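Undergrad: Here's a sequence, model it:
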Amino acid sequence: MIISHRHRFIYLKTIKTASSSVEAALSQLCGPDDVITPAVTEVMAVRTGRPAQNYRLDHPLVPKRPLWRRLLRRPERSYHPSVGYYEHMPAWRVMQYVGPEIWQTYFTFTFERNPWDRQVSYYHFKQRNKDTPISFETFLKKKRSSFVPNFEIYTVDGKPCVDFVGSYERIEDDFDLALESIGLKGAVRLPSLNVSRGRSRCYKPYYDDGTRALIGAWYEPEISAFGYEF
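TA: Next comes the predicted model:
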């Protein structure tokens, strides 16, 4: 996620919505005092623009590192809430840290994607380093590890709380709209980063009636909010 004081915007980073590409593009616009959180190692290795910066935060509401990690002297994880600002940070926590004046006066935005398509992309992302990937159906049997909590990132009390939710399906046009809203239309272009490999371009063959209904139930809030269909 990014907080740009230079251009007065906050970008919330959702999952499997071209978010690494959006973040990479936006980081090129940031100044030395702006917040840019770290991404996965393979993305940071090829990303242009400013590196991760200013994401560590000393704030009374920042949760402490788990006791067992401290006792075992395990390294701090850059994507854990205990560092301060982190990659897929929810709006409610950002609000706590920046305060109401910044949240209400900066342009806040994110991107969302058809949940059936997004789930297939997430499946391939999670299986990317496995010698023997599990099937898509097996992957869905463990909701704890396969659920994509995007709706929780940009909502409070079940309602979107950002100024703009762009669409992955219109990513270039909606990215331009976001830039236009902060007075920077055309300033940067989207690179292609963190793309899921080895998947069919169409998500529909991955599903049967049962898994189709399962995803419909899991992600009913965003399906209802944005009118997604299988």
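Undergrad: where does residue 48 land in three-state SS?
TA: coil (DSSP: H, G, I helix; E, B strand; the rest coil).
Undergrad: and it, how many residues sit next to it?
TA: By other C-beta atoms under 10 Å, 12 other residues sit near residue 48. C-beta: built from backbone N, CA, C; applies to glycine.
Undergrad: pLDDT below threshold where in the protein?
TA: Scanning the chain for pLDDT under 70 picks out 41-46, 68-76, 193-200.
Undergrad: Tell me where it has helices.
TA: 19-27, 41-44, 67-71, 91-98, 100-105, 115-126, 136-139, 143-146, 150-153, 171-181, 209-218, 220-226 (DSSP state H).
Undergrad: Which one of the ones you listed lies nearest to residue 58?
TA: Nearest to residue 58 among those is helix 91-98 (10.6 Å), distances taken as C-beta to C-beta.
Undergrad: chain center to the closest one, what's the gap?
TA: Averaging C-alpha positions (C-alpha atoms, centre = their mean, to the nearest Å) puts helix 91-98 15 Å from its chain's average.
Undergrad: That one packs against which elements?
TA: strand 155-156 (3 or more C-beta pairs under 8 Å, 6 or more residues apart in numbering; DSSP states H and E).
Undergrad: how close does residue 176 get to residue 163?
TA: 15 Å (C-beta to C-beta, to the nearest Å).
Undergrad: Of the helices of the chain, flag the one that's most buried.
TA: Here the criterion is mean neighbour count by mean count of other C-beta atoms under 10 Å, and of the helices of the chain the winner is helix 19-27, at a mean of 24.
Undergrad: Kindly format the C-alpha coordinates of that one as CSV.
TA: Taking Å, rounded to 0.1, in the frame of the first residue of the first chain, the C-alpha atoms of helix 19-27 are listed here in CSV:
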residue,chain,number,x,y,z
SER,A,19,-1.9,-4.6,-7.4
SER,A,20,1.9,-5.1,-7.7
SER,A,21,1.8,-3.3,-11.1
VAL,A,22,-0.3,-0.5,-9.7
GLU,A,23,2.0,-0.1,-6.7
ALA,A,24,5.1,-0.2,-8.9
ALA,A,25,3.7,2.6,-11.1
LEU,A,26,2.6,4.7,-8.2
SER,A,27,5.9,4.4,-6.4
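Undergrad: contacting residues around that helix?
TA: 1-2, 4, 11, 13, 36, 39-40, 43, 47-51, 111, 171, 175, 188-194 (C-beta atoms under 8 Å, 6 or more residues apart in numbering).
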